[in-house]
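Student: quick check, what structure comes out for this input:
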Amino acid sequence: YQIARSMVRSAEQQRALTLPILSRETLSHDPFVHFDEWLDEVERTLDGHTVLLMFDEFETLDKAISQGRFDAEAILGWLRHLIQHRLRFKILLAGSHTLEELQHWASYLINVQVLPISYLHPDETRQLIEQPVKDFILRYKPEASQRVLELTRGHPFLVQLLCAEIIAHKNEQEPAERRLAYLADVEAAVPEALRHGSLFFADIENNQVDITGLELLRHIAAQGSGAIITYDMLTSHCTHDALDALHHSLTLLRRRDLIETVEAGYRFQVELIRQWFA
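Tutor: All right, here's what the predicted structure looks like:
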């Protein structure tokens, strides 16, 4: 019902296209059949348009399936049928988990294309920092802009989070000082960025890593900025069973783009995330 409501609203707002209404009462009995029949009506009104259905944080749906709130065959079978048989509909699933991690999904979505989304290019990052909107009046000293890049590595959300705090910090200064950001302004904004971005960082702790991975992140973070922890350092006190858990967690942390492998060992990918765990 909520999917249908969102589709109707978006079609009207984005393309001035009026889709048929699907009532909650219609869906109260045999909802998948009635929803599929409604999609037939939608297709007849598209007039050549293609529908893009976008599901953000789709792993939340997997959690609901694991908890028994939804039936995997019904939900994922519907998604597979939609992808395979309705050419006017495209599906975009966005999230931090890969399909390989979600046991319910792999056999249903074997024909999807996976597109990893990584950091912004340094030039794109500087544009977001220095010219987020037309006629942006705040200017950055080169070392200040470079420090934002070093702290965020071009992570889009973290760039915007930190820059928002820089602007808030500058707004507290005298008018004559407000239009140029210095390195000291960037450093002063970091604690507030960590505080106001706490939900982002807490999601990493609570939803993206296991207990062993959380311990690893805290241990590596405590070593300081840019610190590299060797594999021998991590395994020196591990039992055989703990070694298996360590290997699994290292793989997961790399897959999440939280740590990276360097020649000598492992380190954080993003300094701002390291500071949170430190």
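Student: now for the helix or strand hosting residue 9, which elements pack on it?
Tutor: Taking DSSP states H and E as the criterion, residue 9 maps to helix 2-15. Applying 3 or more C-beta pairs under 8 Å, 6 or more residues apart in numbering; DSSP states H and E, one finds that helix 2-15 makes contact with helix 31-45, strand 51-56. For every residue, glycine as well, the C-beta is placed using N, CA and C.
Student: so which residues make contact with it?
Tutor: For helix 2-15, the external contacting residues (C-beta atoms under 8 Å, 6 or more residues apart in numbering) are 17-19, 21-22, 35, 38, 42, 49, 51, 53.
Student: for the host helix or strand of residue 75, buried residues please.
Tutor: Here residue 75, judged by DSSP H and E, is contained in helix 72-85. By 16 or more other C-beta atoms under 10 Å, the buried positions in helix 72-85 come out as 72, 75-76, 79-80, 82-83.
Student: average pLDDT for the helix or strand following it, rounded please.
Tutor: Downstream of helix 72-85, the first helix or strand assigned by DSSP H and E is strand 89-94. Mean pLDDT, computed over strand 89-94, is 92.
Student: strand 89-94 pairs with which strands?
Tutor: As defined by DSSP bridges, the strand partners of strand 89-94 come to strand 51-56 (parallel).
Student: buried stuff in the partner strand?
Tutor: Across strand 51-56, burial judged by 16+ other C-beta under 10 Å covers 51, 53.
Student: angle of that strand against helix 31-45?
Tutor: 140 degrees (axes from the mean of the first three to the mean of the last three C-alpha atoms, to 10 degrees).
Student: which other residues reach strand 51-56?
Tutor: So strand 51-56 is in contact with 3, 7, 11, 42, 61, 82, 88-95, going by C-beta under 8 Å, 6+ apart.
Student: which of these are buried?
Tutor: Members of these classed as buried by 16+ other C-beta under 10 Å are 7, 11, 42, 61, 82, 89, 91, 93, 95.
Student: including distance to residue 256, could those residues go into a markdown table?
Tutor: Below are those laid out as a markdown table (distance: C-beta to C-beta, whole Å):
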| residue | distance to residue 256 |
| --- | --- |
| 7 | 31 |
| 11 | 35 |
| 42 | 36 |
| 61 | 19 |
| 82 | 28 |
| 89 | 30 |
| 91 | 23 |
| 93 | 17 |
| 95 | 11 |
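Student: now name the helix or strand holding the residue lying closest to residue 192 once chain neighbours are set aside.
Tutor: Nearest residue to residue 192, sequence neighbours excluded (C-beta to C-beta, 6 or more residues apart in numbering): residue 165, at 4.5 Å. Here residue 165 sits within helix 156-171, counting by DSSP H and E.
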